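S.K.: coordinates only, no sequence provided:
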Ligand code: ZN
Ligand code: ZN
Ligand code: FE
């Protein structure tokens, strides 16, 4: 530092990362005052800029603290420090935001109510006592209310609420916890709760009464409307299921706190940390046998999705109800969750008996995130509220900005620039106008928020995906097609900050191959740039094409037809159950007209589930496989034989497996044992395949990706076997292994190719 004759130095400090809306300026202000420094701090579109002046030791201490001890919600990517001439100011001030220039400042995800705000919420002496919108610089809505950058009140959906004098004083006072907290408000000036003509606390009391008496209440949350019902009330939960047209897919439950959650599920330390994190996801937890929840909450499932309150409104509801309640997305069947008031009244009017709502608009529809732990680490199932739009750091710096358009189901998109990948919130299944619009508007919004104008656009190879068609409709960009399973493996690499090469095991439902078949049980030797299909699950016909997804028994027919010459095996229940249709489907399987070949692991799960008697038809994606996993007895160690056939490309042969399943099913062996032997056999085959590929390639790292690896039993079995054989195993943690992670993989591949 250049010292002036009086011994003072002045430094300019620029901080980049997630530093706006997370209490960074009050933190800097307090720190500077404590150290007796003068100067200023401000937000601009690049992040936070600071100038501090004072004794050299104090300035050094200041920089050390900014680097080492920033506010809890801040993510500091880079700090740039330079010496500047001393100006001799006497105070430390906070400057107004500068809306000009490049937009590189990041918007933070939404954050659960902090402990300070919670204390106020339940303090009868506080002016915000029982006010459902209390928040501060450390907590509250962010991503869901931001309409533009820089992150300031006029660029949020709070713009319509003028601060009262008391709130303004807190907002302007650098010593206050609410200093420059953009959504700050109170009962006098902020949003108001309403419920069928009642307002404020009366509205809440009426909603609680409605829930207690078995009604279904639509509740406006942070990223959209939920539907709520008492978790213990079978009539209410059953009615919710039938009105929502959601037959079996589990509902999530909200519990007041960890102790209340423990009455429902078993929770270890890592899981408790996830439940209580400021991101507040739905955490999938092992359900207690005596859990006081209605059977309809999560039929046939050993796991229960539980979340803790993440807004003041949820805290009040949970507290006043005094028991856990179902809180599921406000939609009919698989439609996107409703988030605009008028649309919610229209679409949810036939489901909810009443609406608990308020007048703070939601700008971005954001579903609850769903997560679980694996080997002590987080393993996401759906990455959305609380996580998006926090960037994921890519393994290398991009040459040009990239847009990755994702796949189709569980859709996300990804914009990437520099070394950051902004993976979007969960958009939903891209198969209708509503989700398509969320996708295209979402891309526009992210482009503005993060100042990314894509020059390279990545897409799936499937020509019929709407995401592919969208990519192909764009002009003045370079298109990069990325094979679906290569994208899965690249996603796992990027998730772990690696570039490969690896042996990639990509097991999922379906993905467009580079030959004429549909892939889904793939062994790839891959890096971010390219891949080779080094092996795959044996290919069988998928009779009726996509009809086979809804009717797993069709895959049973295809596999049994492949496995038996002495057709048909007698006394098999799945054949008897399906009567005449069985022979028709076998005929379709043998024709080439409407039976594309597939190496899908998900479809093999379907076949085994149908033969074992789990179910013949599904009413949500992956249901048969999920129920087979749930039914499997983890204490069974033996395995069905699943040979790996050598060749230019390895083939995991499953005909022996299918015959063994059939023998057991005919002999009346229980589903738990069949399921376990199947999982064990498949895990053996994966480990064996990887060992064979290691001999050829000398690669010792395996990446596991694809929706099938949401299956804990298989993931655990494969990881354990690979570790025992001295492999290094990469699994997902920042994005899901399912197609929600595809966009990150596409972006990583497009970027790697663009750098060539
Ligand atoms: Zn707070
Ligand atoms: Zn106020
Ligand atoms: Fe996939």
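M.R.: Yep, it's here. As the structure is a computational prediction, the values presented were derived from the model and not from experiment. Ligands and ions are numbered 1, 2, ... in the order given.
S.K.: in the stretch 651-756 of the chain, which spans are strands?
M.R.: Secondary structure of the stretch 651-756 of the chain, counting by DSSP state E, counting those that start in this stretch: strands at 701-705, 728-730.
S.K.: my bad, should have said the stretch 301-450 of the chain
M.R.: 303-307, 325-329, 354-358, 370-374, 377-382, 392-393, 402-404, 414-417, 420-423.
S.K.: mean pLDDT lowest where, among those?
M.R.: The stretch with the lowest average pLDDT out of these is strand 392-393, scoring a mean of 92.
S.K.: direction included, what does that one pair against?
M.R.: strand 420-423 (antiparallel) (DSSP bridges).
S.K.: how about the strands of the stretch 301-450 of the chain, which one is nearest residue 673?
M.R.: strand 303-307 (20.7 Å; CB to CB). Just so you know, the C-beta spots here come from the backbone N, C-alpha and C atoms, and that holds for glycine as well.
S.K.: and the angle for that closest one with strand 370-374?
M.R.: Angular relation of strand 303-307 and strand 370-374 on a 0 to 180 degree scale: 120 degrees, by axes from the mean of the first three to the mean of the last three CA atoms, to 10 degrees.
S.K.: tell me what strand 303-307 is packed against?
M.R.: Packing partners of strand 303-307 (3 or more CB pairs under 8 Å, 6 or more residues apart in numbering; DSSP states H and E): strand 253-254, strand 282-287.
S.K.: ligand 3 is nearest to which of these?
M.R.: The closest of these to ligand 3 is strand 282-287. By CB to the ion, the value is 19.8 Å.
S.K.: residues in contact with the closest one?
M.R.: 252, 261, 264-267, 271, 274-275, 298, 301-307, 368-372, 381 (CB atoms under 8 Å, 6 or more residues apart in numbering).
S.K.: run the chain-centre distance for that strand.
M.R.: 15 Å (CA atoms, centre = their mean, to the nearest Å).
S.K.: give the rounded mean pLDDT of that strand.
M.R.: For strand 282-287, the per-residue pLDDT averages 97.
S.K.: buried set for it?
M.R.: By neighbour count with 16 or more other CB atoms under 10 Å, strand 282-287 contains the buried residues 282-287.
S.K.: sorry, back to before: for the helices and strands packed on strand 303-307, which one sits closest to residue 728?
M.R.: strand 282-287 (26.2 Å).
S.K.: direction included, what does that closest one pair up with?
M.R.: By DSSP bridges, strand 282-287 pairs with strand 265-266 (antiparallel), strand 303-307 (antiparallel), strand 370-374 (parallel).
S.K.: just put these in a markdown table and tack on mean neighbour count and distance to residue 167.
M.R.: Below are those laid out as a markdown table (neighbours: other CB atoms under 10 Å; distance: least, CB to CB, whole Å):
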| stretch | mean neighbour count | distance to residue 167 |
| --- | --- | --- |
| strand 265-266 | 18 | 39 |
| strand 303-307 | 24 | 29 |
| strand 370-374 | 21 | 35 |
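S.K.: so which of these is nearest residue 112?
M.R.: strand 303-307 (9.8 Å).
S.K.: follow-up on the earlier one: could the strands paired with strand 282-287 go into CSV alongside distance to residue 403?
M.R.: CSV is the format used below for the strands paired with strand 282-287 (distance: least, CB to CB, whole Å):
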stretch, distance to residue 403
strand 265-266, 39
strand 303-307, 31
strand 370-374, 25
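S.K.: then residue 162 would be within a strand, right?
M.R.: No - looking at residue 162 with DSSP: H, G, I helix; E, B strand; the rest coil, it is coil, so not inside a strand.
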